[in-house]
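can't give you the sequence, but here's the structure:
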């Protein structure tokens, strides 16, 4: 499995569960009852958003790191 996919899955699960749990805790403190569809909504959309952002940032950093280490190309010989 590619590193980008692993990062996407891990960040999606961790951030989605954390955010949805925090929102459920806030609802509990304010006296609202627990709604599973709201929990799933928060988990899914926030988790996917953070997963895509982490994947994008990883690809961007990987591309930058590789471009810094590659030797300059000499196009005068072509």
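Yep, it's here. Computed from a prediction, not measured in an experiment: that's the story for all the values here.

For residue 35, give me its contacts.
residue 27 (Cβ atoms under 8 Å, 6 or more residues apart in numbering). For the C-beta atoms, the positions are set from N, CA and C on the backbone; glycine is no exception.

Which parts of this structure are helices?
3-30, 36-69 (DSSP state H).

just flag whichever of those helices has the lowest average confidence.
Of all the helices of the chain, helix 36-69 carries the lowest average pLDDT, namely a mean of 89.

for it, which positions count as buried?
Neighbour counts using 16 or more other Cβ atoms under 10 Å place 39, 42, 43, 46, 47, 50, 51, 54, 55, 58 of helix 36-69 among the buried residues.

For that helix, which helices and strands make contact with it?
helix 3-30 (3 or more Cβ pairs under 8 Å, 6 or more residues apart in numbering; DSSP states H and E).

what separates the helix it packs on from the chain centre, distance-wise?
10 Å (Cα atoms, centre = their mean, to the nearest Å).

Next: stretch 58-66.
With Cα atoms, centre = their mean, you get 16 Å for stretch 58-66.

Much appreciated, bye for now.
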